[in-house]
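In: Sequence and predicted structure below; questions after.
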Amino acid sequence: MAFEFQKPPDWTFIAGQFVDITLPNPPETDGEGNKRGFSIASAPYEETIMITTRMRDTAFKRVLKSEPLESGATIEGPFGDLTLHKNAARPAVLLTGGIGVTTFRSIAFQAAHLKLPHRIVLFYSNRRPEDAAFLTELQALQQINPNYTLIPTMTDMKDSKQSWSGETRQIDAELLAKYAEATKNAIYYITGPPGMVKGLQTMLVGTGVSSDDVRVEEYTGY
């Protein structure tokens, strides 16, 4: 589920950053508290601050979902430095799964808006197309930005009601090797749950990528 907040006047951020959101005087709370960190899914040029999250059954998310329109919230930030590198001669390879794509939606849309020369390749893993947040618009973005390529992969299509003709494996060394020409001399960015992030880091280093060329952000508790 996506939630949009009005931008405060003169408030800016860089694509790839995150914010902390506090709900004032919520009707219920739990041990996790009233504050959560969220990647900003919207791009800086867009009119709102959009966050997107899997709706776990926590007090914070129950309250967030039930809040009426025009409710207030405290937003702190922006924070984080998982932002696009400046050297456009090196491609940016983005590796993620599930709701980890929120950070990369912001980066990809901002790059298209600014017409940046960076080559951007987004590997995006989900179980089924039905589970893939922003899939349709991330696919359509390829028509707007010729420097951007989306490589979605579905790992568990048996319960899907949609057809799929794309990749059907996890993000691994073999999948990256298939697109080696587009990812040569790249800077790698990884988002997702800690286990996925660590696994992809280990895989990249095992294929000879320098750890200095791998940038990560772990999502916990989503």
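Out: Nice, I can see it. Residues are numbered from 1 along each chain as shown.
In: Spit out the contact partners of residue 197.
Out: By CB atoms under 8 Å, 6 or more residues apart in numbering, the contact set of residue 197 is 190, 191, 216, 217, 218. Where you see a C-beta, it was placed from the backbone N, CA and C, and this is true even at glycine.
In: which SS state does it fall under?
Out: Three-state assignment for residue 197 (DSSP: H, G, I helix; E, B strand; the rest coil): helix.
In: rewinding a little: ChimeraX command to pick out the buried ones of the contacts of residue 197?
Out: Buried members of the contacts of residue 197, defined by 16 or more other CB atoms under 10 Å, are picked up in ChimeraX with:
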select :190,191,216,217
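In: Just send the contacts of residue 197 back as TSV, with pLDDT too.
Out: Listed next are the contacts of residue 197 as TSV, based on pLDDT from 0 to 100:
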residue	pLDDT
190	98
191	96
216	96
217	92
218	88
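In: In TSV: the contacts of residue 197, plus distance to residue 108.
Out: As requested, the contacts of residue 197 are exported to TSV (distance: CB to CB, whole Å):
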residue	distance to residue 108
190	15
191	13
216	18
217	15
218	20
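In: Nearest to residue 19 among the contacts of residue 197?
Out: residue 217 (13.5 Å; CB to CB).
In: A strand includes the closest one, no?
Out: Yes. The assignment for residue 217 (three-state DSSP) places it in a strand.
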